[in-house]
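**Q** Need a 3D model of the sequence below.
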Amino acid sequence: MARLSGLLLCGALLGFACLDPGVAVEVKVPAEPLSTPVGKTAELTCSYSTSVGDSFALEWSFVPPGKPLSASHPILYFTNGHLYPTGSQAKRASLLQNPPTGGVATLKLTDVHPSDTGTYLCQVNNPPDFYTNGLGLINLTVLDEVSGQLILTNLSLTYSGTYRCVATNQMGSASCELTLSVTDPSKGRVAGALIGVLLGVLLLSVAAFCLIRFQKDRRKRPKETYGGSDIREDAIAPGISEQTSVRPDSSKGLLQRPPSSSSVTTTKSKLPMVV
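**A** The predicted model follows:
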């Protein structure tokens, strides 16, 4: 009897839906998964078709990877003409159209984190359209920024060339190139020795030039001569023979003759005397 009642109820609901097909709720979401780089804004597109009434309600919820749909927790919901953000993503979540009564229920999630990766549920409730779930699922993957490096050891000339790095993910591919030139270490030592020799030759040339210039200047200097009116300390006074010795008195600063008169000789005048 209960089974018959259930069949009659289902038949009545189907008949009611056939008589008034405009009350059915239809939610549309992208079939392909969505990928967004970390730190960017993700737009989770969701649209619906129904006759919005006073009982219209929209809810966005999130399911972490590996969890069942029953483990979802709400992000935001709209009901009775008001929007209520909730959960850890509330400050970064908003609707593309608010109020979402025009058939667009797209969710915007700013500054996405790696923890935002998972499944998002867009659910529209509009009683008496209770016989449809009005549910759409969107899978979001937040792409991390990954860096890498190539380390080369024991470099030799064979490592010289162009290196190309290629990265590929769901967003596409990108590449970069780097040219590496390895030089022979022996060439560097030869160049250093050559520079040292040139500096040594330059210093020697400067020293030789200065020496030659000094010798030329010395040769051009005039020799010292004595004039006729110059007084020399070693000159002999008139009337005193060369045998007279004169010694300086260091105490008085004057020339002093020796006290012995026997050592002084005078010369007689050879001129005739007139009487």
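**Q** Give me the below-cutoff pLDDT ranges for the stretch 101-250 of the chain.
**A** Along the stretch 101-250 of the chain, the model assigns pLDDT under 70 to residues 130-133, 170-171, 185-194, 221-250.
**Q** which stretches of it form helices?
**A** 185-219 (DSSP state H, counting those that start in this stretch).
**Q** Stretch 35-55: end-to-end distance?
**A** Counting by C-alpha to C-alpha, to the nearest Å, you get 34 Å between the two ends of stretch 35-55.
**Q** Neighbours of the residue nearest to N169 when sequence neighbours are not counted, how many?
**A** Nearest residue to N169, sequence neighbours excluded (C-beta to C-beta, 6 or more residues apart in numbering): L143, at 6.0 Å. In short, each C-beta sits where N, CA and C put it, glycine included. The local packing of L143 (other C-beta atoms under 10 Å) involves 16 other residues.
**Q** so how far is K40 from L143?
**A** Separation of L143 from K40 (C-beta to C-beta, to the nearest Å): 9 Å.
**Q** Also Q123?
**A** Distance, Q123 to K40, by C-beta to C-beta: 25 Å.
**Q** what's around W60, how many residues?
**A** 28.
**Q** my bad, V182
**A** Residues near V182, counting by other C-beta under 10 Å, number 13.
**Q** wait, doesn't it sit right on N154?
**A** No - V182 sits out of contact with N154 when judged by C-beta atoms under 8 Å, with a separation of 10.7 Å.
**Q** What segments of the stretch 51-200 of the chain are strands?
**A** 57-63, 73-79, 82-85, 93-95, 107-109, 118-125, 135-143, 161-169, 172-180 (DSSP state E, counting those that start in this stretch).
**Q** so which of the ones you listed gets nearest G196?
**A** Closest to G196 of these is strand 172-180 (C-beta to C-beta; 29.5 Å).
**Q** quick revisit: let's have the strands of the stretch 51-200 of the chain in TSV, adding distance to V197.
**A** Output for the strands of the stretch 51-200 of the chain, formatted as TSV (distance: least, C-beta to C-beta, whole Å):
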stretch	distance to V197
strand 57-63	75
strand 73-79	77
strand 82-85	79
strand 93-95	74
strand 107-109	70
strand 118-125	72
strand 135-143	59
strand 161-169	34
strand 172-180	32
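**Q** which parts of stretch 123-143 are buried?
**A** 123-126, 129, 132, 134, 136, 138-143 (16 or more other C-beta atoms under 10 Å).
**Q** Output those residues as CSV; include the columns distance to C210.
**A** Below are those laid out as CSV (distance: C-beta to C-beta, whole Å):
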residue, distance to C210
Q123, 98
V124, 99
N125, 103
N126, 105
D129, 108
T132, 106
G134, 102
G136, 94
I138, 88
N139, 86
L140, 82
T141, 79
V142, 76
L143, 73
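**Q** burial count for the closest residue in space to K28 that isn't next to it in sequence?
**A** Counting by C-beta to C-beta, 6+ apart, the nearest residue to K28 once its immediate chain neighbours are dropped is S47, at 4.9 Å. Neighbours of S47 under the rule other C-beta under 10 Å: 17.
**Q** Next: S70.
**A** 6.
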